[in-house]
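Participant: generate a structure from the sequence data that follows.
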Amino acid sequence: MAECEIITLSLTKEQKEAIEKLFEDNKWELTYQTIEEQKNLQPVPQERVQVCPYCFLSHCVATTNENSPWLGEGQTPSNYNPSVRKGLYRRFWKCISNLGGWDVEQYLRKKERLGEGRPNMVYHQRQVMSECVLKLVRSRYPNPHSVPYLGHKWE
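Facilitator: From the prediction side, this is the model:
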């Protein structure tokens, strides 16, 4: 039998009927509990989830995507690599955004700490790219040895 998960939903009557129909069509079991019954449930102990210390996600965004075809194989140090990296950073930005990484409490504290003393800081769509992503992308698309990395206007 497949592992089951208990979830709580707040639904309209139409949504409830649609879910019931979906379960009925697939011959899945659907059970209901009252709020009182849920209060009496004992929490199921979960394994300790390792969180990436850089992106603060349970599955590191860099490790998860390091074999993605869009990341490419990389290339030798080149003056063209900064523009390649910029496109990759945009993709990682979207990945982290889709995973809710920009709203993680540890990330928000880090961003606030890095922005201290900068009164003209623009916060809309301006995020601190995680070190795990920087390390991965820079290792695949490095600058020539004499060209320093510019950072992300936060460093």
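
Participant: how far away from the center of its chain is the longest helix belonging to the chain?
Facilitator: Secondary structure of the chain read by DSSP state H shows that its longest helix is helix 81-98. The chain centroid and the centroid of helix 81-98 are separated by 13 Å, computed with CA atoms, centre = their mean, to the nearest Å.

Participant: could you do stretch 80-100 as well?
Facilitator: Relative to the chain's own centre, stretch 80-100 is displaced by 12 Å; criterion: CA atoms, centre = their mean.

Participant: list the buried residues of that stretch.
Facilitator: When burial is assessed from 16 or more other CB atoms under 10 Å, stretch 80-100 yields the following buried residues: Asn81, Val84, Arg85, Leu88, Tyr89, Phe92, Trp93, Cys95, Ile96, Leu99. C-beta coordinates here come from the backbone N, C-alpha and C atoms, glycine included.

Participant: what about it, average pLDDT?
Facilitator: Regarding stretch 80-100, the rounded mean pLDDT is 93.

Participant: run through who's touching that stretch.
Facilitator: 55, 57, 61-62, 65, 70-72, 75, 102, 127, 129-130, 133, 137-138, 141-143, 150 (CB atoms under 8 Å, 6 or more residues apart in numbering).
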